[in-house]
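1. just coords:
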């Protein structure tokens, strides 16, 4: 079992940047595929980015070219670097994990508690 804790959210102006972190504990982090999801008020939770245990990445079209997912297996942490932020990026961002990559994209077995990102002037 893996435990996930997100940090790094906050208020940022349009065009600004934030880096989210997700610290994992309780299991062998390196074997897990990881993902970042987000949920805006009134919307369904959507997949933003994923990274496999070997470091291959994938992004939703809405964030491609602006966001970068990465992982540091020595620190048991996955990151989401968010650049050129827009108001529509405002949401609660969740870290997710699953030993199976296809499952982290659909129904991850483990979730963090979420961190709020607000993009506003």
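-> Yep, it's here. Computed from a prediction, not measured in an experiment: that's the story for all the values here.
2. rest of the way, CA atoms for contacts and neighbours
-> Fine.
3. quick one: low-confidence ranges for the chain?
-> Low-confidence segments of the chain, defined by pLDDT under 70, are absent; every residue clears the threshold.
4. can you pull out the helices in it?
-> Along the chain, counting by DSSP state H, helices occupy 101-104.
5. relative to residue 86, how far out is the residue most central in space within it?
-> Relative to the mean C-alpha position of the chain, the nearest C-alpha, by CA atoms, centre = their mean, is the one of residue 36, at 2.4 Å. The gap separating residue 36 from residue 86 is 17 Å, by CA to CA, to the nearest Å.
6. picking up where we left off before, what's the spacing between the nearest residue in space to the residue nearest to the centre of the chain that is not next to it in sequence and residue 46?
-> Closest residue to residue 36 apart from its sequence neighbours, by CA to CA, 6 or more residues apart in numbering: residue 95 at 4.7 Å. Spatial separation of residue 95 from residue 46 under the definition CA to CA is 12 Å.
7. hmm, residue 114 is touching residue 91, no?
-> No. Under the criterion of CA atoms under 8 Å, residue 114 lies out of contact with residue 91, with a separation of 9.6 Å.
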